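Peer 1: Quick one, fold the following:
(one chain, ligands or ions: 1)
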Amino acid sequence: AVYTDPSLLPNSPYTYIIVGSGPGGSVLANRLSANPNNRVLLIEVGPSDTVNPNIRVPFLCTTLVPADVSYNETTVPQTGFGGRSIGYPRGRTLGGSSSVNYMVWTRGPASDFNRLAHETGDHGWSWKSLRRILTGVETLVPPPDGHDTTGEIDPSIHGSNGPVKISLHDKTALDSRIFKATSQLAEFPFNKDMNSGNPLGFGWTQFSIGDGQRSSATASYLTPVLCRPNLDVLVNTLATKVVQTGTQDGLPIFRGVEIAQSCLWHALLSYCYEGGIGDSAELSRFNIRTIVDLPDVGKNMQDHVLLLNPFWVNSSSTGDDIGRDSRRSKDGLAQWEASHTGPFAASVGGNIGWLRLPKHSPIFKQVRDPSSGPHAPHIELLTVNQFFSAVQPPPATGHFMSIGTILLTPTSRGSITLASANPFDSPNIDPALLNSDFDIFTMREAVKAALRFVAAPAFKDYVIGPFGDLAEAKTDADIEAYVRSQSSNVFHPACTAYMSRKGSAHGVVDPDFSVKKTIGLRIVDGSVLPHVPAAHPQAIIFIIAERAAELILASEDSHCS
Ligand SMILES: Cc1cc2nc3c(=O)[nH]c(=O)nc-3n(C[C@H](O)[C@H](O)[C@H](O)COP(=O)(O)OP(=O)(O)OC[C@H]3O[C@@H](n4cnc5c(N)ncnc54)[C@H](O)[C@@H]3O)c2cc1C
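Peer 2: Purely as a prediction, here's the structure:
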């Protein structure tokens, strides 16, 4: 059941308390409560996802941040962006960011998982070992327009019985030009299924959309099991502290959580030790006693840089007029409400190309290739069938195609640090975007790749030319200035509690997700990844959470025997 008032929770103790209902928390809540002997409590600071009806409507994803269902944080000034701070939204509702995201569904390169297996010494992280989970999280369903998807996806590598519904988007006039370009330019080959483990090339994007509706962590993992008597979900409640409840063999045991609702405090346990887990130097700056000294907490942060490049096009079959013309917008929503079809059944994202920098790029004389292997991309080109920009408002007239250029393998590392000892205060968020020579080089090359792509004969008479500052960027120096002044991020932060080998002095969690030097505490979300994936990460977080649940349930079995 879902509760808004902690005093109404049943009195019996919980086997597991999960904080946060994003893909990580929702998968755990579902899988751990499948054992009727476990009592599970899921705590979410945001409201139920029913408070905002736009969540279910794929095309309205752009209205969800900033909004009532998101954290609307800001980074510290980014040196690589010429000192600009940028908005840093996250979902703050049931389903977490999976309730506000753009629903792109990518598993990433197989070598990303194989590198995780190698670095953690746990073979269970290899692509081959995870195959059952890769398909087990998803069910492939037809696109909203029901078109024949033969040749656009390989159904044999997808699931047919998993919780998250995935599908392709409806056919658009732009799709045929994009795929014609792949047959004209050897640099951009067609890839039938970017989720095969080898994403390189241009292909049809898969989305976490089923039957024309968002398939969020809530819709897929949580709602179907809310009737379980051993699962309680508490919304509108901030977990302010994990509570130490004892010590065993010199290690602190954490088996409680302190919560608050608008400054009304409750303890799910009656006693606690004051203190923190993290870098002791940083904790002591705020007079917080160190319980566990783990210097890597909050460090090593990585995120993808995004630059949206709009091009004028000679076509009215774009999404631009829907936003401008209230009648078309009303009709689109009415169609979606009636049948879950039409323009509102699709996200704004289009097709994706995944590219590597050429082997002989001069930057590799200076920097070791940060990608996980020869089939892993450095760059993503994401097409959007309308004007789309993080930094400029849409023009009042004209039609556009936008190409998002994304840096997938940054070498910069930033941090999230405390701004105060008050858990209600925002932290300092510093993703350190474009802070290295590799990162700026790669973004420059990404923009040049986008310009080469739109120069394909397939776009002749269609693309009129680049819009705004891109039109003036002729030299490498111009492009660099354009990149630094117009880039933002894609909301994929990772690595701030990274996983390392058991016994390693570095890292924050062991391969079984246990926080090092503690008992009873695990972290299961995107922060445990040692490298930001060369992909949009939500599918990967569903996958790692499924494995976490398997490991936890297996450890229960071994305790019983
Ligand atoms: C605008 C946007 C667009 C995106 N687009 C895509 C996309 O198209 N494809 C893709 O693959 N990825 C996308 N992402 C990223 C993806 O959604 C996230 O990587 C993924 O949801 C992360 O899952 P998570 O479980 O780690 O955390 P989250 O989904 O962020 O969930 C964390 C939850 O925990 C709650 N919480 C945190 N702290 C507390 C506390 N102390 N007490 C109680 N509750 C707490 C939060 O409110 C939140 O609901 C996007 C993200 C954003 C913000």
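Peer 1: Let's verify G404: helix, strand, or coil?
Peer 2: Three-state secondary structure (criterion: DSSP: H, G, I helix; E, B strand; the rest coil) places G404 in strand.
Peer 1: bridging residues for it?
Peer 2: When bridges are called by DSSP bridges, G404 pairs up with L308, L382.
Peer 1: pretty sure it contacts H304?
Peer 2: No. G404 lies out of contact with H304 (CB atoms under 8 Å); the separation is 10.0 Å. All C-beta spots, glycine's among them, are computed from the backbone N, C-alpha and C.
Peer 1: intersection of neighbour lists for those two?
Peer 2: Residues touching both G404 and H304 comprise 380, 490, with contact defined as CB atoms under 8 Å, 6 or more residues apart in numbering.
Peer 1: And the pLDDT for V391?
Peer 2: We have a pLDDT of 85 for V391.
Peer 1: for it, helix, strand, or coil?
Peer 2: Using three-state DSSP, the structure places V391 in coil.
Peer 1: Which parts of the protein are helices?
Peer 2: Using DSSP state H, the helices found in the chain span residues 23-33, 110-120, 127-136, 173-184, 217, 280-285, 320-324, 326-339, 437-454, 469-472, 476-486, 538-560.
Peer 1: The first one vs helix 538-560, what angle?
Peer 2: By that I understand helix 23-33. Compare the direction of helix 23-33 with that of helix 538-560 by axes from the mean of the first three to the mean of the last three CA atoms, to 10 degrees and you get 30 degrees.
Peer 1: swap in the third one?
Peer 2: Between the axes of helix 127-136 and helix 538-560, defined by the same axes, to 10 degrees, the angle is 100 degrees.
Peer 1: helices and strands around helix 127-136, which ones?
Peer 2: With contacts taken as 3 or more CB pairs under 8 Å, 6 or more residues apart in numbering; DSSP states H and E, helix 127-136 sits against helix 110-120, helix 538-560.
Peer 1: for the fourth one, same thing?
Peer 2: Helix 173-184 sits against strand 201-203, strand 349-355, with contacts defined as 3+ CB pairs under 8 Å, 6+ apart.
Peer 1: So for it, what gets flagged as buried?
Peer 2: For helix 173-184, burial by neighbour count (16 or more other CB atoms under 10 Å) applies to 174-175, 177-179, 181-182.
Peer 1: So which residues on the protein come close to the ligand?
Peer 2: Residues of the chain that fall close to the ligand, judged by CB under 6 Å from any ligand atom: 19-25, 43-46, 65, 89-92, 96-98, 100-104, 238-239, 491-492, 525-526, 536-538, 541.
Peer 1: okay if I get the buried residues of helix 173-184 as JSON lines plus pLDDT and distance to E258?
Peer 2: JSON lines is the format used below for those (pLDDT from 0 to 100; distance: CB to CB, whole Å):
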{"residue": "L174", "pLDDT": "94", "distance to E258": "51"}
{"residue": "D175", "pLDDT": "95", "distance to E258": "51"}
{"residue": "R177", "pLDDT": "97", "distance to E258": "56"}
{"residue": "I178", "pLDDT": "97", "distance to E258": "51"}
{"residue": "F179", "pLDDT": "97", "distance to E258": "54"}
{"residue": "A181", "pLDDT": "98", "distance to E258": "56"}
{"residue": "T182", "pLDDT": "98", "distance to E258": "54"}
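Peer 1: okay, the helices of the chain in TSV with distance to T149 next?
Peer 2: Shown next, in TSV, are the helices of the chain (distance: least, CB to CB, whole Å):
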stretch	distance to T149
helix 23-33	25
helix 110-120	23
helix 127-136	17
helix 173-184	12
helix 217	25
helix 280-285	51
helix 320-324	24
helix 326-339	19
helix 437-454	23
helix 469-472	33
helix 476-486	35
helix 538-560	18
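Peer 1: Highest mean neighbour count across those helices, which stretch is it?
Peer 2: The densest packing among the helices of the chain, expressed as mean neighbour count by mean count of other CB atoms under 10 Å, is seen in helix 217 with a mean of 32.
Peer 1: ok, residues contacting that helix?
Peer 2: Under the criterion CB under 8 Å, 6+ apart, residues 21-23, 25-27, 95-96, 98-99, 542 lie in contact with helix 217.
Peer 1: Report the helix or strand with the lowest average pLDDT across this protein.
Peer 2: Using mean pLDDT, DSSP states H and E, the weakest-scoring helix or strand in the chain turns out to be strand 264-267, at a mean of 57.
Peer 1: Would you pull up the residue in the stretch 351-500 of the chain closest to the ligand?
Peer 2: Shortest the stretch 351-500 of the chain-to-the ligand distance, computed as CB to the nearest ligand atom: residue-wise this is F491, at 3.4 Å.
Peer 1: how about the residue nearest to that residue when sequence neighbours are not counted, what does it touch?
Peer 2: When the adjacent residues along the chain are set aside, F491 lies closest to P89, with 6.5 Å between them (CB to CB, 6 or more residues apart in numbering). With contacts defined as CB under 8 Å, 6+ apart, the neighbours of P89 are 65-66, 70-73, 100, 491.
Peer 1: Could you list the low-confidence segments of this protein?
Peer 2: When residues are selected by pLDDT under 70, those of the chain lie in 262-274, 558-561.
Peer 1: highest average neighbour count across the helices and strands packed on helix 173-184?
Peer 2: Across the helices and strands packed on helix 173-184, averaging neighbours per residue (mean count of other CB under 10 Å) puts strand 349-355 on top, at a mean of 25.
Peer 1: Would you give the sheet partners of that strand, along with the direction of each?
Peer 2: Based on DSSP bridges, the strands next to strand 349-355 in the sheet, each with its direction, are strand 201-203 (antiparallel), strand 379-384 (antiparallel).
Peer 1: tell me the angle of it relative to helix 437-454?
Peer 2: On the basis of the same axes, to 10 degrees, strand 349-355 is oriented at 120 degrees to helix 437-454.
Peer 1: Off-centre distance for strand 349-355?
Peer 2: Centroid separation for strand 349-355 versus its chain: 16 Å, with CA atoms, centre = their mean, to the nearest Å.
Peer 1: Dump it to PDB, keeping only the CA atoms.
Peer 2: Output of strand 349-355 as PDB, limited to C-alpha atoms (Å, rounded to 0.1, in the frame of the first residue of the first chain):
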ATOM      1  CA  GLY A 349      14.100  11.900 -29.400                       C
ATOM      2  CA  GLY A 350      14.500  10.300 -32.900                       C
ATOM      3  CA  ASN A 351      17.200   8.000 -34.200                       C
ATOM      4  CA  ILE A 352      20.700   7.600 -32.800                       C
ATOM      5  CA  GLY A 353      24.200   7.200 -34.400                       C
ATOM      6  CA  TRP A 354      27.000   5.900 -32.200                       C
ATOM      7  CA  LEU A 355      30.500   6.800 -33.500                       C
END
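Peer 1: re the thing from before, please name whichever of the strands paired with strand 349-355 is nearest to R356.
Peer 2: Between R356 and the strands paired with strand 349-355, the tightest spacing by CB to CB is seen for strand 379-384, at 7.5 Å.
Peer 1: Report the distance from that closest one to the chain centre.
Peer 2: In terms of CA atoms, centre = their mean, the centre of strand 379-384 is found 16 Å from the chain centre.
Peer 1: Now do that strand against helix 173-184, angle only.
Peer 2: With the same axes, to 10 degrees applied, the angle from strand 379-384 to helix 173-184 works out at 150 degrees.
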